[in-house]
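**Student:** pasting a predicted model and its sequence here:
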Amino acid sequence: MDLTTHPYDDDKFHEECGVFGVWNHVDAAALTALGLHALQHRGQEASGIVALSEAGVFNTHRGLGLVGDIFGDAKVMAQLPGRAACGHNRYATTGETALRNVQPLYADFEFGGFAVGHNGNLTNAQVLRRALVKRGCLFQSSTDSEVFIHLIAISLYTNVVDRLIDALKQVQGAYSLVALHDGALIGARDPLGVRPLVLGSMPNAGGQPSWILASETCALDIVGAEFVRDVEPGELVVIDDSGLRSIKPFAQTASRFCIFEYIYFSRPDSVVEGTGVYETRKLIGAELARESHIAADVVVPVPDSGVPAAMGYARESGIPFELGIIRNHYVGRTFIEPTDQIRHLGVKLKHSANRAMLEGKRVVLVDDSIVRGTTSKKIVEMVRLAGAAEVHMRVSSPPTTHSCFYGIDTPSRRQLLAAQHNIEEMARLIGVDSLAFISLDGLYRALGYGKRNNAAPQFCDACFTGEYSIPLIDWPSEQPQPALIPGK
């Protein structure tokens, strides 16, 4: 059986999706492919590009797999001419793995072609879908993102931007959108700004700049674009041949940017909401060391996502940092399911113990999160088999006790280790001598705040608190409905 996700990758929160768009560049599709490559960490299941030719024709190529496999052929890129394009990397949060669910989604309207790529999740998608089907709309995919297409189709507004705004005012949830029609490139964020979206520009031979929209600044870097600013929560930016204009159709409200972007999701070399991710993760590790220091001989990161936090922990604690676990980077996300005979090898497909750095040592393992705990248990076993005298685990996020419904593929609460066990029980289950997580206020301190504002949290942290900032209309029936954050 072909798996779209590596069988030993299921013990992490899976990245959401990545979006990218270009306006006014002769190699728009090629730039989009490069941008999607930089955003590969946000989705490895599928990728697609829609390009608008000089003749006003939309050309599309989509596929299952990694960006390099889908767009690495010059013949494919030659079929995507034009000076405007938008692209999307997918990791499924709704809808099965199928080509029909690969974005950007495209439709022909009376006003012309329209393509849209969506990062996030709509919490009222099923309610809207049932109403739209009742009206006669024919859905071609099972992804919640198609709701945008049908809401635009039935809108009574004549202008495409007004139709999109009309659609956005009917949906609830987290979204960053990049949309393309034959008159403009459009970017949009939900009113709480849960998911990221940045704006960049680069010089163009014609005098007018080329404009870039992307999920993260690392995608601007790869194409040589300059960061201009974040698209603001609740803002639409409309880019056409006359330049850029900003539309803010929603009442202003306090933002709830996803705090997990700083912990794990964003690439370390990105800058999100004005803050460098790499340095932030080191600050989180330093705060973790202040809160839960223990006598040890070596600090070892769980690669790769635990590395910056482990560096911060080591610097603050004065304990040497060493690569006691080596990651095999050549294990792809698409993998043939192993036979039962070799399944017990498990984590060794991705990680190997560096015995010289572990044997006889008191080891502090630093990781960014514990989800199910299955991978943590295997890594601890591997470190002990390498001769570690003691194994202590430190986690640079608070205990993950609740599922995310805003665009992150997470297990149900029944599968979340921290939702079912206290810290002592978790330590025993994964086999460590001690276990500690950064506190919620400690995480906020590392992000530059004195503590969490419980009356109006500065970030979306529902995965740690269960305080959801957006109504969960399509709440799973097997889980109790949580309370919204105070005042919501």
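**Tutor:** Sure, I can see it.
**Student:** burial measure for the residue lying closest to Arg245 once chain neighbours are set aside, as a count.
**Tutor:** Using C-beta to C-beta, 6 or more residues apart in numbering and skipping the chain neighbours, the partner closest in space to Arg245 is Val238 (5.2 Å). The C-beta positions use only the backbone N, C-alpha and C, and glycine is treated the same way. Counted with other C-beta atoms under 10 Å, the burial measure for Val238 works out to 20 neighbours.
**Student:** what's the answer for Ser403, then?
**Tutor:** 23.
**Student:** phi, psi for the closest residue to it other than its chain neighbours please.
**Tutor:** Nearest residue to Ser403 in three dimensions, chain neighbours excluded: Thr410, at 4.6 Å (C-beta to C-beta, 6+ apart). Thr410 adopts backbone torsions of phi -130, psi 150, taken as degrees, to the nearest 10.
**Student:** pLDDT at Thr410, what is it?
**Tutor:** Confidence at Thr410, expressed as pLDDT, is 74.
**Student:** separation between it and Tyr262?
**Tutor:** Going from Thr410 to Tyr262 by C-beta to C-beta, to the nearest Å gives 17 Å.
**Student:** quick one, which of these two is more surrounded?
**Tutor:** Tyr262 (24 against 20).
**Student:** that's a helix at that one, yeah?
**Tutor:** Yes - using DSSP: H, G, I helix; E, B strand; the rest coil, the assignment for Tyr262 is a helix.
**Student:** walk me through which strands whichever strand or helix holds Ala51 pairs with, and which way each runs.
**Tutor:** For Ala51, the element it lies in under DSSP states H and E is strand 46-52. Looking at strand 46-52 with DSSP bridges, its partner strands are strand 58-64 (antiparallel), strand 84-90 (antiparallel).
**Student:** just for the chain, where's the confidence low?
**Tutor:** With pLDDT under 70 as the threshold, the chain has low-confidence stretches at 1-16, 92-97, 330-348, 474-488.
**Student:** name the nearest residue to Lys361, sequence neighbours excluded.
**Tutor:** Asp297 (4.3 Å).
**Student:** give the contact list for the one you found.
**Tutor:** Ile319, Pro320, Lys361, Arg362, Val363 (C-beta atoms under 8 Å, 6 or more residues apart in numbering).
**Student:** okay, the strands paired with strand 46-52, which one's buried deepest?
**Tutor:** strand 84-90 (a mean of 31; mean count of other C-beta atoms under 10 Å).
**Student:** put the alpha carbons of that strand into PDB.
**Tutor:** Extracted in PDB, the C-alpha atoms of strand 84-90 (Å, rounded to 0.1, in the frame of the first residue of the first chain):
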ATOM      1  CA  ALA A  84       0.900  35.700 -13.100                       C
ATOM      2  CA  ALA A  85       0.500  32.400 -11.200                       C
ATOM      3  CA  CYS A  86      -0.600  31.000  -7.800                       C
ATOM      4  CA  GLY A  87       0.400  27.700  -6.200                       C
ATOM      5  CA  HIS A  88      -0.400  25.500  -3.200                       C
ATOM      6  CA  ASN A  89       1.200  22.700  -1.200                       C
ATOM      7  CA  ARG A  90      -1.200  20.400   0.500                       C
END
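**Student:** distance from the chain centre to it, please.
**Tutor:** 15 Å (C-alpha atoms, centre = their mean, to the nearest Å).
**Student:** neighbouring strands of whatever helix or strand comes next after that strand in the sheet, and parallel or not?
**Tutor:** As assigned by DSSP H and E, the chain's next helix or strand after strand 84-90 is strand 105-109. Looking at strand 105-109 with DSSP bridges, its partner strands are strand 112-122 (antiparallel).
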